[in-house]
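Student: got a sequence here, can you build the structure:
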Amino acid sequence: MVKFTLNDRDYEVEDGKTILEVALENGVKIPTLCYHKDLTSYGACRLCMVEIIDGARPGLQASCTYKVSDGLVVKTDTERVKKTRDIVFELLLARCPDSEKLTKLAEEYGITKSRIEWKDKGKCILCGLCVRACAEVSQRNAINFAFRGIERQVNTPFKRISQICIGCGACAYVCPTGAIEIEEAD
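Tutor: Numbers count the residues shown, from 1 in each chain. Predicted structure coming up:
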């Protein structure tokens with residue numbers, strides 16, 4: 001068992017749990033778009049940032065990947081966390097302004113629009129849930145990340161129709177923004 005503090009409340013939990021897991025189990029609200037309880041945590045969306053006040057690595061950390069440890073002190077709503085979360089929401093909204101789930105979540109945190117202009121708008125926030133579902137659930141690895149920086153995207157190898165995709169729909173099921181749509185076969 002591990003003893004740590006989250007928002008001035010002491011917890012004793014199983015070793016190996018992440019801050020986000022403990023928060024979710026105890027009704028502490030932390031926003032996230034790239035987390036799914038059945039998939040490996042990746043920390044891509046950066047919305048789940050928390051501030052480690054006392055621990056091995058003080059500062060801002062992604063709560064979905066940071067494991068709790070004895071003596072850890074975590075805050076989920078400091079000014080630093082709020083400012084970081086706000087800019088992450090604005091960046092995601094600039095990239096995907098038509099995503100209903102993203103827009104609704106951002107509004108819950110007081111962000112209704114982005115001050116940032118993004119040239120190529122879409123629905124994909126590059127959270128990686130689809131990639132992880134394809135690798136971990138269907139075990140096909142039919143899609144993955146391609147390119148770097150602003151060119152980064154989820155795609156099939158060499159942008160060709162995947163011969164190993166079985167059409168299971170796991171990627172579309174976990175997609176938080178509706179960027180993946182399954183086409184019905186004729």
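
Student: for the nearest residue to Gly169 once chain neighbours are set aside, give me its contacts.
Tutor: In space, not counting the residues next to it along the chain, Gly169 is nearest to Ile182; the distance is 5.0 Å by Cβ to Cβ, 6 or more residues apart in numbering. Where C-beta positions appear, they are placed from N, C-alpha and C, glycine not excepted. Under the criterion of Cβ atoms under 8 Å, 6 or more residues apart in numbering, the neighbours of Ile182 are 167, 169, 172.

Student: mind listing the helices for this protein?
Tutor: Per DSSP state H, the chain carries helices over the ranges 19-25, 79-95, 100-108, 129-136, 170-174.

Student: what does the first one contact?
Tutor: Contact partners of helix 19-25, identified using Cβ under 8 Å, 6+ apart, comprise 6, 11, 13, 28-30, 32, 35, 37, 41, 48, 50, 61, 63-64, 66-68, 74, 76.

Student: can you rerun that using 7 Å?
Tutor: For helix 19-25, contacts defined as Cβ atoms under 7 Å, 6 or more residues apart in numbering pick out 6, 11, 13, 30, 32, 35, 48, 50, 63-64, 66, 68, 74, 76.

Student: then the last one?
Tutor: With Cβ under 7 Å, 6+ apart as the test, helix 170-174 has contacts from 36, 129-130, 133-134, 137-138, 143, 180-182.

Student: ok, now the fourth one?
Tutor: Helix 129-136 is touched from outside by 34, 36, 39-40, 42, 140-145, 154, 170-171, 174-176, 180, with contacts defined as Cβ under 7 Å, 6+ apart.

Student: so which bits of that helix are buried?
Tutor: 129-135 (16 or more other Cβ atoms under 10 Å).

Student: relative to Lys82, how far out is the spatially most central residue of the chain?
Tutor: The chain has Cys34 as the residue nearest its centroid, 2.3 Å off, counting by Cα atoms, centre = their mean. Distance of Cys34 to Lys82, given as Cβ to Cβ, to the nearest Å: 19 Å.
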